[in-house]
Each structure stands twice: as structure tokens, then as C-alpha cells.
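Participant: Need coordinates for the following:
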Amino acid sequence: TNAVINQGMGAAIALETGAASLGNMEAVQFHPTGIFPAGILVTEGCRGDGGLLLDAGRHRFMPDYEPEKKELASRDVVSRRIEEHIAAGFGVKSRYGDHAWLDITLLGEKHINKNLREVKEICQYFLGIDPVRDLIPVRPAQHYSMGGVRTDYRGQSTSLRGLFACGEAACWDMHGFNRLGGNSVAETVVAGMIVGEYVADYCDDPANGVDISSALLGDFWQRQDQALDDLVKARGNEEAIPLGNRMKDIMTDKVGIFRSGDDLQRAVDELQTLLIRSRDIGIREKTRTANPELVAAYGLPRMLKLALCVAYGALQRTESRGAHYRQDHPRRDDANWLRRTLASWPRTSDTLPTLDYEPLDVTRMEMPPGWRGYGPKDHIDHPQTAARLEDVESIRRHMADAGRNDVQMAVMPYRHLLPSQLRCGNARLGETD
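Facilitator: Residues are numbered from 1 along each chain as shown. Have a look, this model is predicted:
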């Protein structure tokens with residue numbers, strides 16, 4: 001659902017330092033309603049306002065799978081249910097493949113023109129249809145990465161001092177393995193405010209001054225310049241575009257909404273082969289400026305490294321969690337897997353990332369992971385979950401007459417993690433203090 005220019009280069013540059021780690025790269029979210037076949041997102045508000053998902057027979061199928069939440073189940077669940085229904089033979093046939101229908105005609109022209117105007121314009125511009133009268137062809141599309149540069153609460157890399165990241169480029173721990181609708185904007189605003197202050201503080205601190213000789217800077221610039229020159233002059237036998245297209249096919253077919261150990265192993269094996277082949281790329285257009293072939297050749301090995309972080313992390317994580325769904329390991333396993341995946345690439349010659357894991361401390365959580373509120377209660381709890389829930393409940397009982405901010409600080413203190421000028425209570429509508 002993102003622009004094709006978004007290739008993950010920020011995370012790739014951090015990875016190639018050999019020092020910075022990427023966190024939870026296997027956590028990749030699919031949005032249920034990308035218009036088909038363009039993949040452009042139509043908002044969750046369509047279903048929130050009452051839109052329905054229909055199959056080829058115009059049957060509303062979500063209640064068959066999720067009788068409680070129906071179309072309002074979480075993104076990962078709705079995406080899987082659409083794909084399952086299509087795989088069962090109920091998809092709408094088209095020249096581009098099978099899809100489902102999103103029906104918002106029942107909302108009426110006035111509502112659509114007022115509240116879903118952007119959806120109407122997207123459908124008109126990219127599909128040539130009017131959703132006031134026509135059904136919208138949709139199918140799940142890759143939408144958001146919960147992974148990124150692993151940072152602390154300041155937005156600074158936990159393993160490379162002075163490297164800051166925020167938003168979708170970072171693993172800042174706001175989303176876990178499954179971002180909720182709207183929280184990307186919330187993270188952008190909140191992280192931008194908090195991390196921006198810490199970046200300014202870092203730059204203001206004399207201890208963080210950078211004393212680098214111009215000769216060293218020149219040396220690294222010359223290395224990059226030489227690498228580009230070598231790429232232009234290379235007479236390799238491989239082409240970047242076909243290799244990149246094969247990478248996309250592998251990620252879609254084997255590392256997508258449904259994952260399994262066999263498919264993931266095959267994906268890892270072939271992605272490693274592609275990475276090795278990408279080191280023998282030759283380009284026909286030899287200019288250094290305005291050269292899409294050079295851009296593709298330069299970016300491909302880095303995208304392949306990111307793809308391997310996703311696929312290899314997914315292969316090792318033998319459970320299902322949020323957007324990461326393993327058909328051969330369908331249960332969420334907090335006892336063994338309540339930990340972040342950390343991927344690094346210490347040596348240029350490596351063909352796989354180095355994985356490490358960072359356990360989460362349940363005893364510091366206000367709400368340890370529990371039942372999602374629907375679906376089977378078949379997850380495996382962390383050994384400390386029950387005790388922590390009792391501790392939190394005990395604190396709330398003993399502070400029944402205290403204000404919510406005081407209770408919050410007793411349950412899960414956070415103000416000391418904020419820049420000093422932001423250490424205040426969160427305002428709520430209707431509150432006077």
C-alpha cells in the first residue's frame with residue numbers, strides 16, 4: 001500500500017553498519033482492504049462505518065468466521081479470513097486474479113461524500129468506479145512494518161550511540177507485533193515530539209561532540225564513490241530487475257499472510273542465493289546520473305538483506321503472534337517467545353543475519369499479554385503473567401481513591417523516561433485538573 005519508492009533504505013543503512021540491530025523484522029502487517037489490483041489502501045473506516053465484505057455470490061462471509069467481531073476483527077484476522085475464503089473457491093474471478101468485494105453502497109451517497117470522500121476519489125481515479133453504486137474489489141496488501149531500528153525510549157539505537165530513529169523506521173515498542181488502526185499517526189506525532197527533544201538534547205550535550213577528521217570523511221566518501229564506479233563498470237552476468245522481481249515473488253508466496261516452516265526455509269535458501277547472485281550484477285547504462293538501472297543495482301542487495309531479516313526471523317519464531325502467523329505453530333507462546341528478535345549483519349560477506357533475542361520483563365507491564373477478546377483461548381501464558389496481574393489488581397484496590405495519574409505511576413511509572421518539559425499528566429476531555 002506504500003509508494004514504490006519506499007525500499008527500506010533507512011533500515012538497510014543502519015543494518016549495514018554492522019553495529020545497529022533491527023528489531024522484530026518478521027512482524028509485517030497486511031491490511032485487509034487494498035483495492036485490487038492496484039493495492040492502494042481504502043480506510044478501515046469503511047468497515048467501521050458499516051461496510052461489508054462479500055464474496056463472489058454476494059454473501060457476507062465474515063460472520064461465518066468471526067461471529068462476534070465480524071468485519072471489525074483485527075487486521076491480521078480479517079486478512080487471513082479473506083485469503084482463506086478466496087482459497088476455498090469463493091473469490092471473485094478477474095483477469096488479474098481473485099478478490100473479494102467491499103460493499104459501502106449501503107452507507108448512502110451523503111455519508112460517503114462526507115465521511116469517505118477520499119475512498120470515493122481513490123475508487124474513481126484508480127478503478128473507474130463509484131462506490132456509491134458499485135462494489136469495491138479488495139484483497140489484503142502488505143501495509144506496515146512493526147520492525148525497524150531497535151531503539152530505547154529516547155529513540156536512540158540500543159547498540160549504536162548517536163543513531164536515532166522514529167516512526168515506521170523504528171522498533172520503538174508501541175505496536176508489538178500488530179499495529180492497531182490509527183496508531184501509526186499517533187506514533188508519528190508522539191515519537192516525533194519525544195524523540196525530537198532527545199535528539200536536540202543529544203546534540204546540545206558537549207560530551208556528544210563529534211571530532212572526525214576531514215580525511216576520514218573523505219576516505220569514506222571515496223569508498224562509496226568507488227563502489228558506485230565499480231558497479232557502473234562491472235561486467236557481471238546478473239540483472240537487478242529480474243532478481244528483484246523474484247525476491248518480491250518469494251516474499252509474497254512464502255513469507256506473506258500465511259507462513260510455514262517448509263515455505264520459510266525455502267524462502268531463506270533462495271533469498272541467500274539471490275543475495276550471492278546480486279554480487280555479480282552488470283548494468284548496461286553506464287551513466288552515473290538519472291540511471292534507474294544503477295539505482296536498482298545499488299538497492300537490491302540491501303533489500304535482499306532486509307528480506308532475509310524478515311524471512312529468517314519468521315523461520316526461527318516457532319509460534320504465531322499478531323501479524324506473524326505460522327500455520328504449523330498457530331498458538332501464541334509467551335512462555336518461550338515473549339521476546340524481541342534482534343537482527344544484525346556484522347560481516348559484509350555474510351548471507352544471513354545474526355539473530356539475538358531480548359526478553360520482555362512481564363513484571364514491569366501494566367497489561368501483560370492475554371486473551372485477545374475473541375477467538376480461541378489457546379495461547380501459552382508467560383510464567384509470571386498471573387502473578388503480575390495480581391500485583392496490578394492489588395495496587396488498584398489499595399489506590400481506589402487515588403487519581404488516575406497516581407495509579408498509573410504506581411502500576412507502570414513512565415514520567416522519568418520523558419524529556420523534562422513533557423513530564424505532566426495526560427489531559428482528557430471533561431477533566432478539570
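
Participant: For the rest of this, base every contact and every neighbour count on C-alpha atoms.
Facilitator: Fine.

Participant: where do the helices sit along the stretch 201-350 of the chain?
Facilitator: 214-233, 240-254, 261-277, 292-316, 334-337 (DSSP state H, counting those that start in this stretch).

Participant: quick one: the fourth one to helix 240-254, angle?
Facilitator: Right, the one you point to is helix 292-316. 20 degrees (axes from the mean of the first three to the mean of the last three C-alpha atoms, to 10 degrees).

Participant: Packing partners of helix 292-316?
Facilitator: helix 9-16, helix 214-233, helix 240-254, helix 261-277, strand 339-344 (3 or more C-alpha pairs under 8 Å, 6 or more residues apart in numbering; DSSP states H and E).

Participant: Adding mean pLDDT and distance to residue 326, write the ones you listed out as a markdown table.
Facilitator: Below are the helices and strands packed on helix 292-316 laid out as a markdown table (pLDDT from 0 to 100; distance: least, C-alpha to C-alpha, whole Å):
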| stretch | mean pLDDT | distance to residue 326 |
| --- | --- | --- |
| helix 9-16 | 95 | 25 |
| helix 214-233 | 94 | 39 |
| helix 240-254 | 96 | 11 |
| helix 261-277 | 98 | 8 |
| strand 339-344 | 98 | 16 |
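
Participant: so which of the ones you listed comes closest to residue 22?
Facilitator: strand 339-344 (5.1 Å; C-alpha to C-alpha).

Participant: That closest one: which residues count as buried?
Facilitator: Within strand 339-344, the residues scored as buried using 16 or more other C-alpha atoms under 10 Å are 340-344.

Participant: And the next helix or strand past that strand?
Facilitator: Going down the chain from strand 339-344, the next helix or strand is strand 354-359, by DSSP states H and E.

Participant: Buried residues of that following strand, list them for me.
Facilitator: 354-355.

Participant: average pLDDT for stretch 72-86?
Facilitator: Per-region confidence: stretch 72-86 scores 94 on mean pLDDT.

Participant: I meant stretch 24-42, not that one.
Facilitator: For stretch 24-42, the mean per-residue pLDDT is 95.

Participant: Equivalent analysis for stretch 381-396, please.
Facilitator: 96.

Participant: Contacts for it next, please.
Facilitator: Contacts to stretch 381-396, defined as C-alpha atoms under 8 Å, 6 or more residues apart in numbering, come from residues 333-336, 338, 362-363, 365-370, 407, 410-411.

Participant: How far away from the center of its chain is stretch 73-92?
Facilitator: Between the centre of stretch 73-92 and the centre of its chain there are 20 Å (C-alpha atoms, centre = their mean, to the nearest Å).

Participant: helix, strand or coil for residue 149?
Facilitator: Three-state assignment for residue 149 (DSSP: H, G, I helix; E, B strand; the rest coil): strand.

Participant: so how far is residue 56 from it?
Facilitator: 42 Å (C-alpha to C-alpha, to the nearest Å).

Participant: repeat for residue 46
Facilitator: In terms of C-alpha to C-alpha, residue 46 sits 19 Å off from residue 56.

Participant: quick one: which of those two has more around it?
Facilitator: Neighbour count, other C-alpha atoms under 10 Å: between residue 46 and residue 56, residue 46 has more, with 20 against 16.

Participant: And the strands in the protein?
Facilitator: 22-23, 28-35, 52-54, 100-103, 136-145, 148-150, 170-171, 339-344, 354-359 (DSSP state E).

Participant: Return the most buried member of those strands.
Facilitator: Here the criterion is mean neighbour count by mean count of other C-alpha atoms under 10 Å, and of the strands of the chain the winner is strand 148-150, at a mean of 31.

Participant: In its sheet, which strands sit next to that strand, and in what direction?
Facilitator: If you go by DSSP bridges, strand 148-150 pairs up with strand 22-23 (antiparallel), strand 170-171 (parallel).
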